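A.B. asks: Below are the sequence and a predicted model for it; my questions follow.
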Amino acid sequence: MAEHTFPDEWLVATVSLILGGDVVGRLRQSAQPTTTLWDLVTQGGLATEEQLLAAMSGRSRVKLADLSKPDPRVKEVIPEAIARRYHVLPLRVTDSYVEVATANPYDMDMEKGIAFASGREVRMALAAPAKIAALTDEVYRPENVIDKLLEGMHSATDVEHMEDENPADEIQVSAEEASQRPVVRLVDLILSEGILSRASDIHIEPEEGGFAVRYRIDGVLRQVMKVPRAAGFPLVSRIKIISSLDIADRLRPQDGRARVAVNGVPVDLRVSTLPASLGEKVVIRILDSRATVLSLDALGLNQDELDGIRNLLTHHEGVVLVTGPTGSGKTTTLYSALRGIQTGKTNIVTVEDPVEYRLQGIVQVQVHEKAGLTFASALRSILRQDPDVVLVGEIRDKETANIAIQASLTGHLVLSTLHTNDAANAVTRLVDIGIEAYKIAASLRGVVAQRLMRKLCPQCKEVWVESIPEKLAPWLSSGTPLYRAVGCTECAMTGYRGRFSIVEVLTVTPEVERAISSGATADKIAEAGRNAGMRGLWESGVAHILRGESSIEELMRVVDVPFDEEAAGAATAAAAAAAAEATAAAAAPERAPRSPMDTFELLDNLDGKPNVARLNRKVLLVDDEDALRRVMKDLLEREGYIVSEARDGVQALDQVDKVGPDVIVLDLNLPGLDGYGVLSHLRSRPATANIPVVVLTAKSDEDNEVRVFQLGADDFLTKPFRARALSARLDAVLGRRHFPE
């Protein structure tokens with residue numbers, strides 16, 4: 001048989017020292033192409049693993065590995081894929097080096113690859129290939145991954161999974177991992193923390209390298225953890241089990257429900273799964289009746305809006321619609337309206353898909369299309385039950401709309417929702433699905449268009465007075481005091497806590513009714529509504545801003561700035577009236593500039609000229625948040641700097657060599673090679689050791705600050721930061737380095 005090359009050819013010299021070259025030659029002729037020399041020697045009884053390791057250690061002067069207790073932190077530095085690619089076992093890690101066990105101390109590709117991935121010096125120790133493989137499985141096994149996630153995460157909350165009154169048939173669980181204690185604890189932790197954090201939804205999304213867990217709090221998604229893929233699949237299966245879904249079916253979307261008790265208080269969950277390219281995405285809607293106060297007074301409406309909605313609910317017949325996009329609070333408003341008219345003397349029936357909150361004293365019907373129970377068929381049956389008030393979860397088609405309008409014309413008050421952008425377009429939407437305009441005019445009593453705005457945190461909000469941007473001038477006069485978000489521990493550093501509704505209430509007056517019946521456009525209907533006193537969503541939000549309840553940035557996030565000059569004039573009058581009604585604000589402190597994260601509009605210099613001393617100074621911005629990087633770049637370029645960008649650690653090092661920056665602004669939380677690794681690389685190379693580095697991070701704890709200074713940082717700035725503070729820090733750092741002007 002012809003000679004062949006061993007997969008571990010580097011071992012030949014060591015084996016030849018022990019057994020002689022002729023033995024290696026015979027083994028080379030008789031071995032299979034995929035058989036390793038290590039296995040031939042040890043399994044054939046020619047030498048023990050200890051003898052091979054001792055001989056190798058003598059030749060290479062590499063010590064034997066201590067495999068008794070690998071450092072659990074190594075998994076955070078060396079991903080499993082890297083360890084398996086190079087057949088190594090990470091043992092210990094410090095800020096400057098990582099120690100790995102390997103059977104091949106001559107593998108330079110391995111050494112360079114791990115040094116690049118970890119940003120640290122690589123120190124090798126010798127171990128047998130079989131032990132490396134076995135211990136790698138042990139270190140990276142899913143149970144250990146989940147235990148690591150749970151380390152230091154203590155919760156006093158008691159979570160109990162409750163069965164529905166009519167439990168579904170028991171499902172067969174094929175994935176035993178989903179029932180293991182670490183997985184159960186992780187699911188309980190995610191649910192309890194989400195509920196206690198006031199989240200409305202929990203998103204579990206598959207992505208490269210794992211599953212991201214994000215909470216939607218006050219309408220904004222916020223990532224709270226990332227679960228490795230090995231733990232993410234059992235996590236998803238566990239959630240599907242508690243919501244009675246088929247865990248074996250991963251190719252079709254599924255919807256389910258679950259009920260848990262957090263500290264003894266029951267909370268309903270709506271679970272939806274969606275197959276994606278990297279796994280199943282899961283969204284859990286939290287229906288916590290404790291956190292949702294079903295009262296019109298609790299919606300935070302302006303007084304005239306509250307009076308307008310209550311006036312619509314005084315009708316004994318007709319249709320009242322609530323419109324807005326998904327997640328704008330339509331269902332909460334409808335339930336609050338029902339609570340307002342529930343006297344015990346009225347028969348109230350709802351038909352919904354799904355039933356979100358269970359209301360005492362109200363009959364609620366769940367749509368079940370597979371069984372033939374649609375909105376239309378359920379509504380027909382409800383009308384035979386002698387109702388006074390009917391709530392239709394959503395008008396989706398002509399049949400449902402026709403029945404709802406017929407019900408209103410025969411003496412019933414019908415409440416429902418539509419997906420339109422404003423109140424006037426609800427009429428055109430009904431016409432589009434086939435309802436005659438004269439029927440709409442005769443039955444419609446009013447439309448409420450709605451959005452949700454975040455409320456400024458009362459603990460940390462600040463008064464800010466600046467020149468009003470030109471496009472906002474019609475609504476806000478010069479010198480108007482505005483409030484801005486700052487961020488504190490009470491609001492999780494967001495600057496906002498809680499939400500309130502902004503609405504436009506279109507009441508069908510005789511003028512509006514004539515416009516509808518004549519087939520007028522949405523603009524004409526809106527004009528008729530404004531003539532009757534309707535305020536738009538923007539004006540509603542401006543009134544809240546003048547009372548210091550939210551910021552102009554939040555309003556612009558939720559609603560577009562109107563372009564209608566006539567509407568702007570009306571808004572100015574409405575804003576003045578709202579200002580007169582608002583309570584006197586506390587005395588404003590000395591004016592503070594806004595953070596660049598607050599808006600992209602306020603980056604101009606005070607004098608409009610770049611600082612000449614900064615011209616030709618090159619700044620490298622390293623941050624994975626694209627929006628923040630753009631804001632900082634705009635700011636610094638206006639200050640006269642030449643700005644380059646990098647969005648991860650590897651790209652940063654590449655840019656340093658290409659650009660040769662005078663100063664670097666470095667985030668710590670970067671994909672791949674993090675900020676610590678970048679800083680360590682910079683300080684270890686003579687060519688980059690003296691480049692000033694300003695660390696910009698959200699990790700504001702003392703230990704972290706001490707660590708970056710020990711690694712050689714020149715300054716430390718925490719997020720969110722003030723625009724002028726960043727410029728001042730860069731000036732100070734460059735001044736200390738004595739750069740020529």
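C.D. replies: Structure received.

A.B. asks: Ala404 and Arg380, how far apart?
C.D. replies: Between Ala404 and Arg380 the computed distance is 11 Å (CB to CB, to the nearest Å). To be clear about C-beta, it is placed using only N, CA and C from the backbone, and glycine gets the same treatment.

A.B. asks: Between the two, point out the one with more neighbours.
C.D. replies: Taking neighbours as other CB atoms under 10 Å, Ala404 and Arg380 compare with Ala404 leading, 26 against 14.

A.B. asks: Do I have it right that that one meets Val319?
C.D. replies: Yes: using CB atoms under 8 Å, Ala404 is in contact with Val319, at 6.3 Å.

A.B. asks: what do those two both touch?
C.D. replies: Common contact partners of Ala404 and Val319 (CB atoms under 8 Å, 6 or more residues apart in numbering): 414, 416.

A.B. asks: List the contacts of Glu99.
C.D. replies: Neighbouring residues of Glu99 by CB under 8 Å, 6+ apart: 90-93, 123-125.

A.B. asks: measure stretch 694-708 end to end?
C.D. replies: 10 Å (CA to CA, to the nearest Å).

A.B. asks: Which residues does it contact?
C.D. replies: The list of residues contacting stretch 694-708 from outside it, by CB under 8 Å, 6+ apart, reads 95, 493, 623, 663-669, 675-676, 679, 713-719, 721, 726, 729-730, 733.

A.B. asks: try it again with 10 Å
C.D. replies: Contact partners of stretch 694-708, identified using CB atoms under 10 Å, 6 or more residues apart in numbering, comprise 95, 487, 493, 619, 621-623, 628, 632, 663-669, 675-676, 679, 693, 709, 711, 713-721, 726, 729-730, 732-734.

A.B. asks: Could you give the separation of that stretch from the chain centroid?
C.D. replies: Stretch 694-708 sits 23 Å away from the centroid of its parent chain (CA atoms, centre = their mean, to the nearest Å).

A.B. asks: in this structure, which helix or strand is least confident?
C.D. replies: When the helices and strands of the chain are scored by mean pLDDT, DSSP states H and E, helix 565-581 comes last with a mean of 48.

A.B. asks: I'd like to know which elements the very next helix or strand once past that helix is packed against.
C.D. replies: As assigned by DSSP states H and E, the chain's next helix or strand after helix 565-581 is strand 618-622. Packing partners of strand 618-622 (3 or more CB pairs under 10 Å, 6 or more residues apart in numbering; DSSP states H and E): helix 626-638, strand 642-646, helix 649-659, strand 663-666, strand 693-697.

A.B. asks: got the buried residues for the third one?
C.D. replies: Residues of helix 649-659 classed as buried under the neighbour-count rule (16 or more other CB atoms under 10 Å) are 649-653, 655-656, 659.

A.B. asks: swap in the longest one?
C.D. replies: Of the residues in helix 626-638, those buried by neighbour count under the rule 16+ other CB under 10 Å are 628-629, 631-633, 635-636, 638.

A.B. asks: Low-confidence regions, the stretch 1-150 of the chain specifically.
C.D. replies: By pLDDT under 70, the weakly predicted segments of the stretch 1-150 of the chain are 1-4, 31, 33, 142-150.

A.B. asks: where exactly do the helices run in it?
C.D. replies: With helices called from DSSP state H, counting those that start in this stretch, the stretch 1-150 of the chain shows them at 12-19, 21-30, 37-43, 49-60, 74-77, 80-85, 108-118, 129-139, 142-150.

A.B. asks: Identify all contacting residues around the shortest one.
C.D. replies: Going back to what we said before, that points to helix 74-77. 71, 83, 89-94, 98-100, 114, 117-120, 139-140, 144-145, 148, 228, 674, 676-677.

A.B. asks: same thing but at 8 Å, please
C.D. replies: For helix 74-77, contacts defined as CB under 8 Å, 6+ apart pick out 90-93, 98, 117-118, 120, 139-140, 145, 148.

A.B. asks: Can you give me every residue that contacts the closest residue to Val271 other than its chain neighbours?
C.D. replies: Computed as CB to CB, 6 or more residues apart in numbering, the closest residue to Val271 that is not its neighbour in sequence is Ser243, at 3.9 Å. Residues in contact with Ser243 (CB under 8 Å, 6+ apart) are 256-258, 269, 271.

A.B. asks: Now with 10 Å, please.
C.D. replies: Residues near Ser243 by CB under 10 Å, 6+ apart: 168, 254-259, 269-273, 282, 284.

A.B. asks: now Asn425, nearest residue through space, not along the chain?
C.D. replies: Ala522 (4.8 Å).

A.B. asks: what's the neighbour count on the one you found?
C.D. replies: 19.

A.B. asks: Would you quantify the distance from the spatially closest residue to Ala689 that is not a sequence neighbour to Gly219?
C.D. replies: The shortest distance from Ala689 to any non-neighbouring residue, by CB to CB, 6+ apart, is to Arg683 (5.5 Å). Distance, Arg683 to Gly219, by CB to CB: 43 Å.

A.B. asks: More neighbours: the two, which one.
C.D. replies: Taking neighbours as other CB under 10 Å, Arg683 and Gly219 compare with Gly219 leading, 19 against 15.

A.B. asks: That one touches Arg499, doesn't it?
C.D. replies: Yes: applying CB atoms under 10 Å, one finds Gly219 in contact with Arg499, separated by 6.2 Å.

A.B. asks: Now the common contact residues for those two.
C.D. replies: Contact criterion CB under 10 Å, 6+ apart; residues shared by Gly219 and Arg499: 200, 329, 451-454, 554, 558.

A.B. asks: isn't Glu160 right up against Ala258?
C.D. replies: No: using CB under 10 Å, Glu160 makes no contact with Ala258, being 11.7 Å away.

A.B. asks: Contacts only, for Val220.
C.D. replies: Residues near Val220 by CB under 10 Å, 6+ apart: 214, 454, 494, 496, 499, 557.

A.B. asks: from those, which has minimum pLDDT?
C.D. replies: Among those, Thr494 carries the weakest pLDDT, at 83.

A.B. asks: show me where the stretch 251-400 of the chain has helices.
C.D. replies: Applying DSSP H, counting those that start in this stretch to the stretch 251-400 of the chain gives helices spanning 303-312, 330-341, 375-383, 398-409.

A.B. asks: Out of the ones you listed, the one nearest Arg358 is which?
C.D. replies: Judged by CB to CB, the one of those that comes nearest to Arg358 is helix 330-341, at 10.4 Å.

A.B. asks: Might you calculate how far the closest one sits from the centre of the chain?
C.D. replies: Centre-to-centre, helix 330-341 and its host chain are 29 Å apart (CA atoms, centre = their mean).

A.B. asks: No further queries at this time; thank you.
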